[in-house]
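> how would this look folded up:
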Amino acid sequence: MPTISAILFDLDGTLLDTAADLSAAMNVLLTRYDFPTIPVAELKPHISQGSTGMLQKSFNLGVDDPRFNDLRQQFFDIYRTQIKIDTQPFPGIEEFIEQVVYRGLAWGVVTNKPEWLAKPLLDEFVFAQSTGCVIGGDTLRKAKPNPEPLWYACGLLNQPVAQCIYVGDAKRDIEAGNRAGMRTVIAKYGYIPHDEDLNTWEATQSVDSVYELMELVFKE
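I've put the predicted structure just below:
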């Protein structure tokens, strides 16, 4: 991979394994309305589509449903109270960020998770103190797959877009990165449905683990 100066990560399913805590919060909400709970493994493939994907799976409703906004806010409120019970960095993330800092590279997070949830979650982890920016889905007027959050992140990091890579586990992540003009990497270790055709995402590359990402980025 050509020389890079900055690395941007999606959050859920890419930087942090948040599936257990997100699923637990959704199951609290399901129980509140006497719906059957859903196993983590069943909810996990919907997490990278954010609250919209999880609510669609759990309550069989979309954003046009009049109940959607209220249920989403209830879900967020529940999740905020138990945001870091089982959440942990994916294996290799802490070592990766250590190398990023050691080599003088910039890094940041661009997620569609609301900023008021993303920042407190990242504050729970020592390794995240070195991040140069945290862009949430509500930071700007537009969110992924629009490229503007990625351009905004590069501006905050003071790094050229062409020397940045974006790592994500959802099609909209790769679409946003491609549209922004940066290199894109699929985190195949994330929350990707088994039947997803990754070739259609048109990413620059893909990795099966953070350790493979480390080899890709830091290859001499």
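
> Domain ranges for this structure, per the record?
As given by automatic domain parsing, the domain ranges for the chain are 6-17+88-218, 19-81.

> Out of those, which is the most enclosed?
The highest mean neighbour count among those, using mean count of other C-beta atoms under 10 Å, belongs to domain 6-17+88-218: a mean of 19. C-beta: built from backbone N, CA, C; applies to glycine.

> Quick check: most distant residue from the centroid of this structure.
Each residue of the chain has a distance to the centre, and by C-alpha atoms, centre = their mean the biggest one is for D34: 29.7 Å.

> before we move on, back to that, just put the domains of the chain in JSON lines and tack on mean pLDDT.
Formatted as JSON lines, the domains of the chain follow (pLDDT from 0 to 100):
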{"stretch": "domain 6-17+88-218", "mean pLDDT": "97"}
{"stretch": "domain 19-81", "mean pLDDT": "96"}
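
> So D208 is in contact with Y189, correct?
Yes - at 6.1 Å, D208 counts as touching Y189 under the criterion of C-beta atoms under 8 Å.

> can you list contacts of the strand or helix carrying G177?
In this structure, G177 sits in helix 171-180 according to DSSP states H and E. Defining contact as C-beta atoms under 8 Å, 6 or more residues apart in numbering, one finds that helix 171-180 is touched by 8, 10, 14, 48, 110, 112, 144-147, 149-151, 154, 161, 165-168, 183-184, 186, 196, 200-203.

> Among the residues you listed, which lie within helices?
Of the positions in these, P149, L150, W151, C154 sit in helices, assigned by DSSP state H.

> from these, which single one is nearest L105?
Of all the ones in helices among the contacts of helix 171-180, L105 sits closest to C154, with 12.9 Å by C-beta to C-beta.

> what's near enough to touch that closest one?
A6, L8, P160, V161, C164, A180, M182.

> Quickly check those for the two that are furthest apart.
Using C-beta to C-beta, the pair of the contacts of C154 lying farthest apart is L8 and P160, separated by 12.8 Å.

> Check which helix or strand P45 maps to.
Here P45, judged by DSSP H and E, is contained in helix 40-47.

> Assign the residue farthest from the centre of the chain to helix, strand or coil.
Per DSSP: H, G, I helix; E, B strand; the rest coil, the secondary structure class of D34 is coil.

> ok, now how distant is it from F59?
12 Å (C-beta to C-beta, to the nearest Å).

> Find residues that contact each of the two.
Contacts common to D34 and F59, judged by C-beta under 8 Å, 6+ apart, are absent.

> pretty sure L216 is touching Q205, no?
Yes - if you go by C-beta under 8 Å, L216 and Q205 touch, sitting 6.5 Å apart.

> sorry, back to before: need the CA coordinates for the next helix or strand after the helix holding P45. PDB is fine.
Once helix 40-47 ends, the next helix or strand along the chain (criterion: DSSP H and E) is helix 50-59. Only the C-alpha atoms of helix 50-59 are listed here, as PDB (Å, rounded to 0.1, in the frame of the first residue of the first chain):
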ATOM      1  CA  GLY A  50     -27.100   1.400  13.000                       C
ATOM      2  CA  SER A  51     -30.200   1.900  15.000                       C
ATOM      3  CA  THR A  52     -32.300   1.800  11.800                       C
ATOM      4  CA  GLY A  53     -31.100  -1.700  10.900                       C
ATOM      5  CA  MET A  54     -31.500  -3.000  14.500                       C
ATOM      6  CA  LEU A  55     -35.000  -1.500  14.900                       C
ATOM      7  CA  GLN A  56     -36.100  -2.900  11.500                       C
ATOM      8  CA  LYS A  57     -34.900  -6.300  12.600                       C
ATOM      9  CA  SER A  58     -36.300  -6.200  16.100                       C
ATOM     10  CA  PHE A  59     -39.600  -4.400  15.600                       C
END
